[in-house]
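Trainee: compute the structure for the input listed below.
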Amino acid sequence: MHILRTTLVAATLMGATLIATNPVAQAAPPKATNVVLAHGAWADGSSWAKVIPYLQAAGLKVTAVQNPLTSLADAAAATRRALALQDGPTVLVGHSWSGTLVSEVGTDPKVTALVYIAARAPDAGEDFLKLAGQFPNPPARAGIVDHDGETKLSEDAFLKYFANGVDETTAKELYAVQWPTAASIFGNRTTAAAWHDKPSFYAVSKQDKTIDPDFERFLAKRMKATTIELDAGHLSLVSHPKEVADLILKAAGQHE
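Mentor: Predicted coordinates:
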């Protein structure tokens, strides 16, 4: 069992800054053989394309969920279907809005650890919009365009604020595959919070302009998550795929 100190301890781990936020002892997560990845709002499964090869090279079976982004119920059902197909211990990973799915669906008995990448991390039944309102409103939000209840980010907001830190060619490709997200999905409340009972890991994006970095730090600390901080924008899974993959591998019991 690895004992984490009660104060914040900075160290370097695989190119990222590790912040030990756990104030109590936490057992190492069980070794997992599978990883299920859930993408966030205004994205699709291809956002994990640069992370997946690192996980596969480590011998893990990887599944990227095509999250419908129509409602929490629909997205949770898609994620549960993916979990049902796993043949053993599984790490569940969510980026951005899909941290909601990690909290909601991570109670599945196959899930051994939870990973949040610049993600929401709601408590059960929590008014997450109210909680987020206690932190600065990030600039990407001003670029949300609503069409009959479905939202997208304007190209300007997507490139400047959502994909900041990503090279222009890749950012434009990601904008082209941007999936519409139901406006109502952001207010949907979870019925569970798996992070209360399972090992949790969090990657904070220090240059995030979609979710306030201090809000991410608050969520990670509240979960007592093993936390890294990346000098990245919201799409750290694209700009820093190795560091993100290393955190997932740690959650899978592949790294000490």
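
Trainee: around residue 253, count how many other residues there are.
Mentor: Neighbour count of residue 253, defined by other C-beta atoms under 10 Å: 18. Using the backbone N, CA and C atoms, a C-beta is placed for each residue, glycine as well.

Trainee: what stretches of this protein score poorly on pLDDT?
Mentor: Within the chain, the ranges that satisfy pLDDT under 70 run 1-27, 256.

Trainee: can you map out the helices along this protein?
Mentor: In the chain, the helices defined using DSSP state H lie at 52-57, 72-84, 99-105, 128-132, 155-157, 168-176, 213-223, 236-239, 241-251.

Trainee: the first one packs against which elements?
Mentor: If you count contacts as 3 or more C-beta pairs under 8 Å, 6 or more residues apart in numbering; DSSP states H and E, helix 52-57 packs onto strand 61-65, helix 241-251.

Trainee: mean neighbour count, the ones you listed: which tops it?
Mentor: helix 241-251 (a mean of 24; mean count of other C-beta atoms under 10 Å).

Trainee: show me what contacts the closest residue to residue 146 other than its chain neighbours?
Mentor: Using C-beta to C-beta, 6 or more residues apart in numbering and skipping residues adjacent in sequence, the residue nearest residue 146 is residue 183, 5.7 Å away. Each residue near residue 183 by C-beta atoms under 8 Å, 6 or more residues apart in numbering is listed here: 146, 149-151.

Trainee: can I get the helices of the chain in JSON lines including distance to residue 142?
Mentor: What follows is those, written out as JSON lines (distance: least, C-beta to C-beta, whole Å):
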{"stretch": "helix 52-57", "distance to residue 142": "32"}
{"stretch": "helix 72-84", "distance to residue 142": "24"}
{"stretch": "helix 99-105", "distance to residue 142": "22"}
{"stretch": "helix 128-132", "distance to residue 142": "15"}
{"stretch": "helix 155-157", "distance to residue 142": "7"}
{"stretch": "helix 168-176", "distance to residue 142": "16"}
{"stretch": "helix 213-223", "distance to residue 142": "17"}
{"stretch": "helix 236-239", "distance to residue 142": "22"}
{"stretch": "helix 241-251", "distance to residue 142": "27"}
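
Trainee: residue 188 is nearest to which of those?
Mentor: With C-beta to C-beta as the measure, helix 72-84 is the member of the helices of the chain nearest residue 188 (3.6 Å).

Trainee: same for that closest one, what does it pack against?
Mentor: strand 34-38, strand 61-65, strand 90-95, helix 99-105.

Trainee: partners of the second one in the sheet?
Mentor: What it means is strand 61-65. Here strand 61-65 has these sheet partners by DSSP bridges: strand 34-38 (parallel).

Trainee: now do residue 57 against residue 245, distance only.
Mentor: According to C-beta to C-beta, to the nearest Å, residue 57 stands 9 Å off from residue 245.

Trainee: what of residue 235?
Mentor: Distance from residue 235 to residue 245, by C-beta to C-beta: 14 Å.

Trainee: next: residue 155.
Mentor: 29 Å.

Trainee: what of residue 179?
Mentor: Shown here: residue 179 relative to residue 245, a distance of 23 Å by C-beta to C-beta.

Trainee: and stretch 127-142, what's buried?
Mentor: Within stretch 127-142, the residues that count as buried by 16 or more other C-beta atoms under 10 Å are 128, 131-132, 138, 140.

Trainee: contacts for that stretch, please.
Mentor: With contact meaning C-beta under 8 Å, 6+ apart, stretch 127-142 is reached by 100, 120, 122, 153, 157-158, 160-162, 186-187, 189, 208-212, 214-215, 218, 234.

Trainee: same thing but 6 Å
Mentor: For stretch 127-142, contacts defined as C-beta atoms under 6 Å, 6 or more residues apart in numbering pick out 122, 157, 161-162, 187, 209-210, 212, 214-215.

Trainee: what's the end-to-end length of it?
Mentor: 21 Å (C-alpha to C-alpha, to the nearest Å).

Trainee: now that stretch, how far from the centre of its chain.
Mentor: In terms of C-alpha atoms, centre = their mean, to the nearest Å, the centre of stretch 127-142 is found 17 Å from the chain centre.
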